[in-house]
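**Student:** Fold the stuff below for me.
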Amino acid sequence: MLTILRGHFNQSGTVFVPKNARLGAQMRKEGGAFLLAICLIFVWGVAAPALAQTKTAPSKPAPKSGSDPLTTFLHQYVEQAGLPGAVLGVGYDTGAMRLAATGYASVRPDEGMTTDRQFYIGSLTKMMTAVVTLQLASEKRIDLSDKIGKFLPKEFQGRIANADTATLRDLLRNSSGIPDYLDGEFFFQLVGRDPKHGWRNIELLPLIADHDAYFKPGSTYASSNSNFILLGVMIEAVEGDHIEAVFNRRIFEPAEMTNTAFGRFPRPALLARGFDDANDDGQLEDVTDYDVGDQLADGGVMSTAEDLIKFARALFVDGVLLGPNALKRATTDTIFAGNGSYGYGLMIGSTDWGPVWGHDGIYFGYSAEFSWFPEQKTAVVFLANGRALNEVPSVTSMMMTGLFGKPD
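**Tutor:** Numbers count the residues shown, from 1 in each chain. This next block holds a predicted model:
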């Protein structure tokens, strides 16, 4: 199981998912894959090009004749990707939304997927951690120029590379140079030994400490989950409360996200079971009961497509979560990240239809996409209880022509 976790767990996701044999290091490069995928143009309703079906999920019943085109599209995509099941949501600034579900929420017993199911959202959690950080800055309780070392326990002072020079802004933009706690084998070994541990942000500081920095803070971009773990430590220190209680007060309740929470045991009945090719044999196994970060600020949130659309509206439309100045800074104070840029917990990309902001996410047994098109004031959310076994484009990239028409 240790090799399983090493190859398959990473909360920083990729939207253009490589085949199983190529996962490993590629899945760390969350920004570049997302920003490449959103530039691809595909026609609405047309299935992805035929691929060798070397790895498969259980066969799913086809949608009924005359069913919603969104459901038909989603079913085709899930079949092509080899996913167990998925939910797709499209939301608008008016509050209207469209939801579709296909495939299975669990196997043995078989339960069909429904639109109200929860999923782990992986690195989409980083957007929320960034929102709370910006809220604290707006309240003058922190300054984005503060060094992260200011908020660390005494026993870790001087032990985390760049902590005395990297600012909170650097952490938000993945430009701190602080090494990723997922590098190496140790965390995966810990998970294998204690699958239901209930990890806390502060418990991961020993895994970040005593390693060399990647680079000088602010000089370049490199995805590191440690950035958001450290922001989680800062948030809990400033608020004097557990990360979930803080998120409840500051995000979930104001945005009316009633089915969103950090992970916990026992697993909620609403949570879709998560599946992964854990044995690298081309078959999917249920991996729901592995805690690979339930309470962590870099990827531990469970949510629904409906709630994530509510999050998009509260953040980008209604100003419930951030004021216009903070939002502008989050989306314009960016650093080059390969095929696009990274702002404050947001991937910033461009398409033929205009800009797109969002994130993608991976959690053991789950994958997610979140995209907001500011010119069209439209959100697209895709949640799956697995990771693609076959190479496919992102859902969002395939939908843009259908959503917005042909580009000018």
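
**Student:** okay, CA-based contacts and neighbour counts for the rest of this
**Tutor:** Fine.

**Student:** What's the local residue count around residue 266?
**Tutor:** Using other Cα atoms under 10 Å, the number of residues around residue 266 comes to 8.

**Student:** Is it part of a helix or strand, or is it coil?
**Tutor:** coil (DSSP: H, G, I helix; E, B strand; the rest coil).

**Student:** where does it fall, phi/psi-wise?
**Tutor:** When read as degrees, to the nearest 10, the backbone of residue 266 gives phi -70, psi 160.

**Student:** Against residue 291, how distant is it?
**Tutor:** 11 Å (Cα to Cα, to the nearest Å).

**Student:** What of residue 190?
**Tutor:** Residue 190 is 10 Å from residue 291, by Cα to Cα.

**Student:** between those two, who's got more neighbours?
**Tutor:** Counting neighbours by other Cα under 10 Å for residue 190 and for residue 291 shows that residue 291 has the greater number, 22 against 13.

**Student:** Touching, the more buried one and residue 197? I think so.
**Tutor:** Yes. Counting by Cα atoms under 8 Å, residue 291 does reach residue 197; the two are 6.5 Å apart.

**Student:** Mind listing the shared neighbours of these two?
**Tutor:** residue 191 (Cα atoms under 8 Å, 6 or more residues apart in numbering).

**Student:** Secondary structure element for residue 387, which one?
**Tutor:** Under the criterion DSSP states H and E, no helix or strand holds residue 387.

**Student:** likewise residue 103?
**Tutor:** Going by DSSP H and E, residue 103 is part of strand 97-106.

**Student:** so what strands line up beside that strand?
**Tutor:** Paired neighbours of strand 97-106 in the sheet (DSSP bridges): strand 85-92 (antiparallel), strand 111-112 (antiparallel).

**Student:** Show the average pLDDT along the last one.
**Tutor:** pLDDT averaged over strand 111-112 equals 96, rounded to a whole number.

**Student:** again with the longest one
**Tutor:** For strand 85-92, the per-residue pLDDT values average out at 98.

**Student:** Tell me how far that strand lies from the chain's centre.
**Tutor:** When C-alpha coordinates are averaged (Cα atoms, centre = their mean, to the nearest Å), strand 85-92 and its chain have centres 15 Å apart.

**Student:** And for the shortest one?
**Tutor:** Distance of strand 111-112 from the chain centroid (Cα atoms, centre = their mean) equals 24 Å.

**Student:** next helix or strand past that strand?
**Tutor:** By DSSP H and E, the next helix or strand past strand 111-112 is strand 119-120.

**Student:** Sheet-wise, list the partners of that following strand with their directions.
**Tutor:** strand 301-303 (antiparallel).

**Student:** If we go by neighbour counts, what in the one helix or strand residue 328 maps to is buried?
**Tutor:** Element membership of residue 328 [criterion: DSSP H and E] is helix 324-332. Residues of helix 324-332 classed as buried: 326-327, 330-331 (neighbour count, 16 or more other Cα atoms under 10 Å).

**Student:** I'd like the mean pLDDT over it, please.
**Tutor:** On average, helix 324-332 scores 98.

**Student:** Heading C-terminal from it, find the next helix or strand.
**Tutor:** Helix 324-332 is succeeded, C-terminally, by strand 335-336 (DSSP H and E).

**Student:** any idea how far that next one is from the chain center?
**Tutor:** For strand 335-336, the distance to the chain centre is 19 Å (Cα atoms, centre = their mean).

**Student:** Beyond that strand, next helix or strand please.
**Tutor:** Assigned by DSSP H and E, the successor of strand 335-336 is strand 341-342.

**Student:** Identify the residues contacting that next one?
**Tutor:** So strand 341-342 is contacted by 31, 173-174, 334-336, 347-349 (Cα under 8 Å, 6+ apart).

**Student:** three-state assignment of residue 203?
**Tutor:** Once three-state DSSP is applied, residue 203 turns out helix.

**Student:** repeat for residue 282
**Tutor:** Applying three-state DSSP: residue 282 is coil.

**Student:** Which stretches in the stretch 201-350 of the chain count as helices?
**Tutor:** Along the stretch 201-350 of the chain, counting by DSSP state H, counting those that start in this stretch, helices occupy 205-208, 225-239, 243-247, 305-316, 324-332.
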